[in-house]
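1. task: produce atomic coordinates for the following.
(chains A and B)
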2 protein chains.
Amino acid sequence: MARWEPNARERLERAALELFVERGYDTTTAAEIAERAGLAKSSFFRHFSDKREVLFGGQDVLNRLFADAITAAPAEATPIEALGAGLEALAAVFNAERHGWARQRQAIVTSHDDLRERELLKMAALTGSMADALRERGVPDPAASLAAELGCLALRNAYTRWVDPSNNQGFATLARQSLHDLKTATTALT
Amino acid sequence: MARWEPNARERLERAALELFVERGYDTTTAAEIAERAGLAKSSFFRHFSDKREVLFGGQDVLNRLFADAITAAPAEATPIEALGAGLEALAAVFNAERHGWARQRQAIVTSHDDLRERELLKMAALTGSMADALRERGVPDPAASLAAELGCLALRNAYTRWVDPSNNQGFATLARQSLHDLKTATTALT
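-> Just a heads-up that it's a prediction; the model follows:
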């Protein structure tokens, strides 16, 4: 039976990022991550299906925050307004305390194709959750899918600006700006 | 020095799909694919970086067809009209002759997470090519990125309908319909 390991997931996530920064992502093994976290190698694979997953630990929380905020938006809100509520809800996790961590993590993800693939899979799942939440509000297809793609693009644009070393604005401000710019851009398409 | 191997890529692609259908994707090895194609195992890795790539062989052709058609669209065409030209250009490869192959391939890709990841990476590259081609036409950001996401969604919707066993319409017709539906949907967003 597995021992009780307090905060094992968080310890593994922190140890992994430290080692990826120190030694590089490619050469760091799951066993080394577990060792740095003071845990057995088997602990790693109890918490993460592969080495990539350790950088995507909070994804379920993100998906839920986003979808719940869309669901909770006022009935009269347009799809874009509901997405705005979803994006602002993410500021609860994309906060000042997590800024340094997010910058380091993003630099690693961006420079490895296999991590970019995993990120795209996570983004596709998030886009799917957004579209489902919009459909439950009565938004028909393909408007629900299109709005979800627009919401995902707003999130990616805001997140890219948030983790940029020169940025000193909060995520909520950047998200509102990104969504506003995309809303304006829709009129230029046709 | 490598022997001259006529149509090695195409032979490997055909052999791979046959084996994936017969024995399953997970259990088929690169060596078995090469053997079925009448080639040495080393041939496989001269043509494809890993087993997944053998199902994405035509991606560069797709990206070029799409981007070239966007570039060649009349100067007065809107971004959506230029995307329409790109989508119709794909009918040259998504044709009746390739229909059976595309159906088998898509069933395998959809049922394996690692293949879905690779497909998302390819779609991201295609979306990037579309956005670049639109920027070269003078479409500013974020309208270029948004239009490219819309174009990618139209492609996915049309392709999903095209490979559906009950479908008997050509790709160009389905693409026009998908793009038209999405164009209409943009007005419902705000």
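
2. run through the neighbouring helices and strands of the longest helix belonging to chain A.
-> Longest helix in chain A, counting residues (DSSP state H): helix A:113-136. For helix A:113-136, the elements it packs on are helix A:59-72, helix A:79-89, helix A:99-110, helix A:143-163, helix B:113-136, judged by 3 or more CB pairs under 8 Å, 6 or more residues apart in numbering or on different chains; DSSP states H and E. Heads up, the C-betas are built off the backbone N, CA and C, glycines and all.

3. and the third one, what does it pack onto?
-> Helix A:99-110 is packed against helix A:8-23, helix A:113-136, helix A:143-163, with contacts defined by 3+ CB pairs under 8 Å, 6+ apart.

4. which positions in chain A make contact with chain B?
-> For chain A, the contact set with chain B under CB under 8 Å from any CB of the partner chain comprises A:78-80, A:113, A:116-118, A:120-121, A:123-124, A:139-140, A:142-143, A:145-147, A:149-150, A:152-153, A:157, A:178, A:181-183, A:185-186, A:188-190.

5. circling back: dump the helices and strands packed on helix A:99-110 to a markdown table, plus mean pLDDT and mean neighbour count.
-> Converted to a markdown table, those look like this (pLDDT from 0 to 100; neighbours: other CB atoms under 10 Å in any protein chain shown):
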| stretch | mean pLDDT | mean neighbour count |
| --- | --- | --- |
| helix A:8-23 | 94 | 18 |
| helix A:113-136 | 93 | 19 |
| helix A:143-163 | 96 | 22 |
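
6. can I get those helices in a markdown table with distance to B:Thr28?
-> Converted to a markdown table, these look like this (distance: least, CB to CB, whole Å):
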| stretch | distance to B:Thr28 |
| --- | --- |
| helix A:8-23 | 32 |
| helix A:113-136 | 21 |
| helix A:143-163 | 33 |
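
7. of those, which is nearest B:Ala89?
-> helix A:143-163 (21.9 Å; CB to CB).

8. contacts only, for A:Asn63.
-> For A:Asn63, the contacting residues are A:125-126, A:129, by CB atoms under 8 Å, 6 or more residues apart in numbering or on different chains.

9. so which of these is the closest to chain B?
-> For the contacts of A:Asn63, the closest approach to chain B (CB to the nearest CB) belongs to A:Ala125, at 10.3 Å.

10. could you break chain A into its assigned domains?
-> A:8-54, A:56-186 (automatic domain parsing).

11. distance of the closest residue to A:Asp132 other than its chain neighbours relative to chain B?
-> Of all residues not flanking A:Asp132 in the chain, A:Ala67 sits nearest, at 7.1 Å (CB to CB, 6 or more residues apart in numbering or on different chains). For A:Ala67, the distance to chain B equals 18 Å [CB to the nearest CB, to the nearest Å].

12. which residues are in contact with A:Ala67?
-> Contacts of A:Ala67 (CB under 8 Å, 6+ apart): A:86, A:129-130, A:132-133.

13. how about 7 Å then?
-> Residues near A:Ala67 by CB atoms under 7 Å, 6 or more residues apart in numbering or on different chains: A:129-130, A:133.

14. tell me the spacing between A:Arg103 and chain B.
-> 22 Å.

15. not counting its neighbours along the chain, what's nearest that residue?
-> A:Arg103's closest residue in space is A:Val163 (CB to CB, 6+ apart), at 4.8 Å.

16. hmm, A:Gln104 and that neighbour touching each other?
-> No: contact criterion CB atoms under 7 Å: A:Val163 and A:Gln104 do not qualify, at 9.2 Å.

17. can you list contacts of stretch A:111-131?
-> By CB under 7 Å, 6+ apart, stretch A:111-131 touches A:25, A:52, A:55-56, A:59, A:62-63, A:66-67, A:70, A:83, A:86, A:108-110, A:144-145, A:148-149, A:151-152, B:116-118, B:120-121, B:124.

18. thinking again about what came up before, could you check how far the residue nearest to A:Asp132 is from A:Lys183?
-> Separation of A:Ala67 from A:Lys183 (CB to CB, to the nearest Å): 21 Å.

19. same deal with A:Glu149?
-> Distance, A:Glu149 to A:Lys183, using CB to CB: 14 Å.

20. same check on A:Gln59?
-> Distance from A:Gln59 to A:Lys183, by CB to CB: 26 Å.

21. show me which of the two is the more surrounded one.
-> With neighbours defined as other CB atoms under 10 Å in any protein chain shown, A:Gln59 and A:Lys183 compare such that A:Lys183 has more, 20 against 17.

22. who are the contact partners of the more buried one?
-> Taking CB under 7 Å, 6+ apart, one finds A:80, B:190 in contact with A:Lys183.

23. looking at it now. What's its pLDDT?
-> We have a pLDDT of 93 for A:Lys183.

24. which strand or helix spans it?
-> Using DSSP states H and E, A:Lys183 falls within helix A:171-186.

25. how much does that helix deviate in direction from helix A:99-110?
-> 50 degrees (axes from the mean of the first three to the mean of the last three CA atoms, to 10 degrees).

26. C-alpha coordinates for helix A:171-186, PDB please?
-> What follows is helix A:171-186, C-alpha atoms only, in PDB (Å, rounded to 0.1, in the frame of the first residue of the first chain):
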ATOM      1  CA  PHE A 171      -4.200  38.800 -16.200                       C
ATOM      2  CA  ALA A 172      -7.800  40.100 -15.900                       C
ATOM      3  CA  THR A 173      -6.900  43.400 -17.500                       C
ATOM      4  CA  LEU A 174      -5.000  41.600 -20.400                       C
ATOM      5  CA  ALA A 175      -7.900  39.200 -20.900                       C
ATOM      6  CA  ARG A 176     -10.500  41.900 -21.100                       C
ATOM      7  CA  GLN A 177      -8.300  43.800 -23.700                       C
ATOM      8  CA  SER A 178      -7.700  40.600 -25.800                       C
ATOM      9  CA  LEU A 179     -11.300  39.800 -25.900                       C
ATOM     10  CA  HIS A 180     -12.300  43.300 -26.800                       C
ATOM     11  CA  ASP A 181      -9.700  43.300 -29.600                       C
ATOM     12  CA  LEU A 182     -11.100  40.000 -31.000                       C
ATOM     13  CA  LYS A 183     -14.700  41.200 -30.700                       C
ATOM     14  CA  THR A 184     -13.700  44.300 -32.800                       C
ATOM     15  CA  ALA A 185     -11.800  42.100 -35.300                       C
ATOM     16  CA  THR A 186     -14.900  39.900 -36.000                       C
END
